[in-house]
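S.K.: test case, fold it:
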Amino acid sequence: MRWRYNLERSQAVAIWLFAVAVMILAIVVVGGATRLTGSGLSITEWRPVTGVLPPLSQQAWAAEFEKYRHIPQYQFVNQGMTLAAFKSIYWWEWTHRLLGRLVGVLFVVPFAVFLALRQIPRRLIWRCLVILALGGLQGLVGWWMVKSGLSARVSVAPERLAIHLGLALVVLCACVWNGLEAWFGKARVGYVLQKRWRWSATALPMMAFAQSLLGALVAGNDAGQVYNDWPAMGGRVVPEDYVPRGWGLGRALLHSQGAVQFDHRIGAYLLFVAAVAFAVAVSRARLPSPVKVLAHLLATLVLLQAGLGIWTLMSHAPLGLSSLHQIGAVAVLACAVVLAWRVRRPAN
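M.R.: This next block holds a predicted model:
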């Protein structure tokens, strides 16, 4: 029997997708803390099912610690670490992986229920399936990232960290966008803003996303611990070691501390100028009030995020400020996505 989906909107589905987005934010923040505390390599195996349970006995803890003692991070960075110290980094990584599993359950179970109850708008079913596939891919990418630090490195590869974060943000944005679609229903034919507004509004989340990836490279290279002055970098506009001697440009863009921090700064300046320019432009144009409110909110968030970034840098990236900076990055990206969605939608 063929099912018919006549439902055009569902606030229950919207709330579910927004909840998944919030859960992904939690994963991103805990993942950032895991990276900053050097905890990401404490679990050296990928056990999607049995890994749900942490070590439950002293013998089990000893076995996990023994595995960790065979990787380069222990041998070259944490030599002599106690079991108690190992437990402190283990819990960060275990919590990060547990949240990943929980968000999978939070997506799959309601999705199956909504499908059975025929509550998901038909046009959103395939989109939810894509989100589900991306979520599954994220688990594989996470292990691919961890694996890069288990043999020849003392930390994960920064470019793999950026891909891991980027995929999480793609899923989060997809949940926000389709949550809005589910809440407000299918757009009706009506007045659509001019193409120049739609393209410029779409560019803002793309810039915010790129800036987040640059931030991941900063975190992956511990670049927040160098050049802690602002606005200069070691007294120079461009750091002297942007391309270290003997390096190619490609390697420098991914692994040079000076390069990734400089690029992250430039990205922040460009995003700030773009957000403020867009807010000023919409203030002078005859545009729907929600567009103006969202544009001004985005400009405000970018300003606050820039100030928080400078504070974090000049404080040598402590865990608390770094986590707030990461939350701010997601807030900027989410606001830019909502703005782009509203601008591209007919005004009726």
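
S.K.: CA only for contacts and neighbour counts going forward, please
M.R.: Will do.

S.K.: can you get me a residue count around Asp222?
M.R.: 18 (other C-alpha atoms under 10 Å).

S.K.: that one against Gln257, yeah?
M.R.: Yes: taking contacts as C-alpha atoms under 8 Å, Asp222 lies within contact range of Gln257: 7.2 Å.

S.K.: low-confidence ranges in this structure?
M.R.: Applying pLDDT under 70 to the chain flags the ranges 1-6, 188-193, 346-348.

S.K.: would you list every one of the helices in it?
M.R.: Counting by DSSP state H, one finds helices in the chain at the ranges 11-36, 58-68, 72-76, 83-116, 122-147, 158-184, 195-220, 249-255, 257-283, 289-314, 319-343.

S.K.: now those helices as a markdown table including distance to Thr44 and mean neighbour count?
M.R.: As requested, the helices of the chain are exported to a markdown table (distance: least, C-alpha to C-alpha, whole Å; neighbours: other C-alpha atoms under 10 Å):
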| stretch | distance to Thr44 | mean neighbour count |
| --- | --- | --- |
| helix 11-36 | 14 | 20 |
| helix 58-68 | 7 | 15 |
| helix 72-76 | 11 | 17 |
| helix 83-116 | 10 | 17 |
| helix 122-147 | 8 | 17 |
| helix 158-184 | 16 | 21 |
| helix 195-220 | 18 | 21 |
| helix 249-255 | 24 | 17 |
| helix 257-283 | 27 | 20 |
| helix 289-314 | 31 | 19 |
| helix 319-343 | 24 | 21 |
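
S.K.: closest to Val226 out of those helices?
M.R.: helix 257-283 (7.4 Å; C-alpha to C-alpha).

S.K.: gap between the closest one and the chain center?
M.R.: 18 Å (C-alpha atoms, centre = their mean, to the nearest Å).

S.K.: give me the angle between that helix and helix 319-343.
M.R.: If you take axes from the mean of the first three to the mean of the last three C-alpha atoms, to 10 degrees, helix 257-283 sits at 40 degrees to helix 319-343.

S.K.: show me what helix 257-283 is packed against.
M.R.: helix 195-220, helix 249-255, helix 289-314 (3 or more C-alpha pairs under 8 Å, 6 or more residues apart in numbering; DSSP states H and E).

S.K.: now distance to Gly149 too, for those, in JSON lines please.
M.R.: Below are the helices and strands packed on helix 257-283 laid out as JSON lines (distance: least, C-alpha to C-alpha, whole Å):
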{"stretch": "helix 195-220", "distance to Gly149": "11"}
{"stretch": "helix 249-255", "distance to Gly149": "15"}
{"stretch": "helix 289-314", "distance to Gly149": "25"}
